[in-house]
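Asker: following is a predicted model, sequence given first.
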Amino acid sequence: FFFQAEDGIRDSSTSRGLGDVYKRQEEILMVRQKDGGVKAFYNVCQHRANPLVDGPKGHVLRRFVCKYHSWAFLPDGTLNFAPDKEDFPEGNPCGKVRLQELRCETFAGFIFVNMDPDCKGLRAFLGPIWEDWEKRDIHTWKRTVANTMWLPCNWKVVLDNFNESYHVPTVHMRATPDTDRKKIRGNIDTYFKETKFDLSEEGHNRMVMKGGYGVGSTDEDGNIIDPLATQLKYWEINPADFKGRPEDTREALQKAKRKLGPERGYTHYDRIPDEQFTDAFHYTLFPNFAVSVWSDGFHFLRARPHRSDPEQCLFDNWWYSSPASLKETATMQRGNNVGQANDQGEVEVTMLQYPEDSIGPAIEEDVACSVFLKKTNKNYVWVYFKINTFPYKKNNLRQIGLKIEKKIESRNHMIPLVTFLVIKSILLADK
């Protein structure tokens with residue numbers, strides 16, 4: 001299957017020209033070809049295994065030249081030049097020797113690389129996610145926020161946080177034991193019975209939370225305030241009509257966007273269902289890539305392991321905006337989380353320091369919980385985990401649980417926390 005490894009996924013929109021090159025931590029070259037496609041190669045000269053490229057990215061005008069013996073390879077991986085080529089006993093290697101190529105495909109503006117030559121195709125791996133994202137023309141969207149930082153915790157701890165919405169009321173909405181969790185308290189409805197959880201046969205999951213509500217965007221008199229008020233006006237909706245009933249803005253926004261969106265440049269609006277105009281569609285792609293997709297925003301969340309320290313990870317909090325949303329007013333952009341809108345080109349990655357810098361609004365709260373969890377989980381034994389909403393066969397799950405629990409005993413640090421919770425729940429339910 002296609003996977004991210006330490007960095008097997010790349011934003012392809014930042015690589016537009018023939019010969020543009022990116023070298024990642026797995027020593028993989030991704031090179032733009034004449035036909036506009038991308039090829040991926042191991043960053044190794046086939047003569048004596050010397051690295052061909054030592055910079056993170058760049059441009060090759062004609063060919064890669066090894067600094068050891070001057071062997072030169074074209075952007076398509078073909079050996080083009082070797083000194084004293086007629087002196088090799090096996091014959092002239094030029095045109096015969098090639099860089100070792102990896103499986104590489106592009107989708108939604110990203111480059112996916114897989115080191116398994118026998119892996120399934122990217123579309124088969126993504127399953128229903130392919131169709132969900134294809135409707136939005138995400139390959140035309142631009143990165144407007146790109147915050148990255150090293151975190152002092154394991155990468156699986158961070159990703160587990162984005163696998164559930166159970167923490168949202170407490171962490172992001174300051175809920176307490178006295179809070180009515182059935183009541184809508186913000187832009188999205190976090191009540192678990194109103195949240196949809198899907199698991200694809202390919203191993204990915206999707207979480208859908210209803211959004212577009214005016215709750216939390218009102219003054220003391222119940223009037224809708226900015227930035228939501230400006231958004232409603234933009235879509236020809238009178239904010240005053242929703243005084244005292246902010247829960248009704250969701251349906252009004254859906255109808256207005258359906259009617260006015262395409263003529264205002266939101267070209268994907270005529271291909272997506274009504275709920276995708278307002279709701280949060282959150283995907284977790286196995287193993288380390290999570291995305292929240294909004295009507296005009298693609299929230300990119302990725303955690304990559306440290307090469308040698310399991311208690312560190314490199315975390316990305318990036319945002320991509322649709323072309324039409326980049327032309328909105330500053331108030332509209334703020335309400336749509338557009339961030340640092342840049343109509344001339346995409347923003348470069350900003351490396352931040354933890355804990356001095358903020359990785360971004362809301363996400364910094366998730367990060368704080370992940371880091372705190374890492375500091376306290378040595379005393380973790382087990383907790384109840386809600387599985388009653390999922391149909392399952394008890395005996396089969398118990399057998400799987402027992403097998404994985406043996407792994408936990410020998411390699412506890414390698415098992416994701418959420419897996420441990422599920423196993424404990426299975427055993428408890430069986431008892």
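Answerer: Good, I have the coordinates. All figures in this text were calculated on a predicted structure; none of them were measured in a lab. Numbering: from 1, shown residues only.
Asker: so Arg181 belongs to a helix, correct?
Answerer: No: according to DSSP: H, G, I helix; E, B strand; the rest coil, Arg181 belongs to no helix; its state is coil.
Asker: residues touching it, list them.
Answerer: By Cβ atoms under 8 Å, 6 or more residues apart in numbering, the residues touching Arg181 are Pro169, Ala175, Thr190, Tyr191. All C-beta atoms are positioned from the backbone trio N, CA, C, and that covers glycine.
Asker: then Ile184?
Answerer: Ile184 sits in contact with Tyr191, Tyr213, Val215, Glu247, where contact means Cβ under 8 Å, 6+ apart.
Asker: so the first one versus Thr176, what's the distance?
Answerer: In this structure, Tyr191 and Thr176 are separated by 16 Å, where distance is defined by Cβ to Cβ, to the nearest Å.
Asker: same drill for the two, tell me which one is more crowded.
Answerer: A count of neighbours by other Cβ atoms under 10 Å puts Tyr191 above the other of Tyr191 and Thr176, at 17 against 7.
Asker: burial measure for the closest residue to that one other than its chain neighbours, as a count.
Answerer: Among residues not flanking Tyr191 along the chain, Lys182 sits closest, at 5.2 Å (Cβ to Cβ, 6 or more residues apart in numbering). For Lys182, the neighbour count with other Cβ under 10 Å is 11.
Asker: check the one 3 residues further on too.
Answerer: Neighbour count for Arg185, taken as other Cβ under 10 Å: 21.
Asker: residue contacts, the closest residue to it other than its chain neighbours?
Answerer: Using Cβ to Cβ, 6+ apart and skipping residues adjacent in sequence, the residue nearest Arg185 is Met173, 5.4 Å away. Each residue near Met173 by Cβ under 8 Å, 6+ apart is listed here: Arg185, Gly186, Thr190.
Asker: quick check, pLDDT for Met173.
Answerer: At Met173, the predicted lDDT confidence score is 83.
Asker: before we move on, what about Val60?
Answerer: You'll see Val60 listed with a pLDDT of 84.
Asker: got phi/psi on it?
Answerer: Main-chain dihedrals, Val60, degrees, to the nearest 10: phi -110, psi 120.
Asker: excluding its backbone neighbours, what's nearest Ile224?
Answerer: Nearest non-adjacent residue to Ile224, counting by Cβ to Cβ, 6+ apart: Pro239, 3.9 Å away.
Asker: neighbours of that neighbour, how many?
Answerer: 21.
Asker: go through the contacts of Ile184 and give me the one with the most neighbours.
Answerer: Within the contacts of Ile184, most neighbours by other Cβ under 10 Å means Tyr213, with 21 neighbours.
Asker: which ones are touching it?
Answerer: Counting by Cβ under 8 Å, 6+ apart, Tyr213 has contacts Ile184, Gly186, Asn187, Ile188, Asp189, Pro246, Glu247, Thr249, Arg250.
Asker: could you say which helix or strand contains it?
Answerer: For Tyr213, there is no host helix or strand (DSSP states H and E).
Asker: measure it to Ile188 for me?
Answerer: Distance of Tyr213 to Ile188, computed by Cβ to Cβ: 7 Å.
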